[in-house]
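1. Here is the input, now give the coordinates:
(one chain, ligands or ions: 1)
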Amino acid sequence: MIRLDKVLAHLGYGSRKEVKEMIKKGLIKVDGILIKNSDLKINEDSKIEIADDEVKYNEFKYYVINKPSGYLSATESNNYPCVTDLVPYHKGLFPVGRLDLDTEGLLIITNDGQLAHNLLSPKKEVEKEYYFKYKGKLNDDSVEMCLKGLNINNEYITKEAILNIINDTEGKIIIKEGKYHEVKRMIKTLGGEVTYLKRIRMKELELGDLKIGEYRELDVEEIKKLKK
Ligand code: URA
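-> All right, here's what the predicted structure looks like:
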């Protein structure tokens, strides 16, 4: 069961406040009955009507997968398996953003367009953390340069990023944007080459010990934190 005003706000019919207004005005019916109470809880099968137009209500689903290399961050492809194939019933689900074909790790799969939009909006500067293996040399200057912003092929300057060099072959990096091949291009700009890349965190959501190719459903707290 989920609150009527929450469902409608989720579905994009306005903010919670605006939806409450609509309910007060007597514009909403649930299972044919006029509703004046925003607290009302409905279930998946309830028929909602706004000014006599039926609302298509899908329950929101939120999964995290550990993407294997060789899976495409898409919902359909003739050439590769898709990340959504890793979730059993995935009609209407899509990945929140993209990882390269050869990148592994954390990817959110959902049907909540609003959440996806918020997590991907450049304005929100959502943190994404990656573990990588590399060839070449990274040093303290590389860390400084990442903090200041890197000039990528004169195309753009990266936002402040936190580089943590673990040793001569491994590192971690936190970025706040999601440009095409961004981590690989950043490391290349610094004189290295990424040989393995895995996303381990998005905002507060961590990959943890989820095994490669596996998925799990997010719990209420995790969803709340992603929406914050
Ligand atoms: N940066 C990359 O270069 N590739 C990814 O898949 C994600 C971030």
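2. so Glu193 makes contact with Ile187?
-> Yes. Assessed by CB atoms under 8 Å, Glu193 is found in contact with Ile187 at 6.7 Å. In short, each C-beta sits where N, CA and C put it, glycine included.
3. Now list whatever residues contact both of those two.
-> With contacts taken as CB atoms under 8 Å, 6 or more residues apart in numbering, Glu193 and Ile187 have Tyr134, Gly136 as neighbours in common.
4. of all the residues in the chain, which ones are close to the ligand?
-> The chain has residues Leu99, Asp100, Thr103, His181, Glu182, Val183, Lys184, Leu197 near the ligand, with proximity defined as CB under 6 Å from any ligand atom.
5. So between Glu193 and Ile187, which is more surrounded?
-> For the pair Glu193 and Ile187, the greater number of neighbours falls to Ile187 (26 against 12), based on other CB atoms under 10 Å.
6. quick one: the more buried one from Lys203, how far?
-> Separation of Ile187 from Lys203 (CB to CB, to the nearest Å): 23 Å.
7. who's in contact with Ala116?
-> Here Ala116 is in contact with Phe94, Val96, Gly97, Ile108, Thr110 (CB under 8 Å, 6+ apart).
8. Now flag whichever of the residues of the chain next to the ligand is closest to Phe60.
-> Closest approach between the residues of the chain next to the ligand and Phe60, by CB to CB: Leu99, at 22.0 Å.
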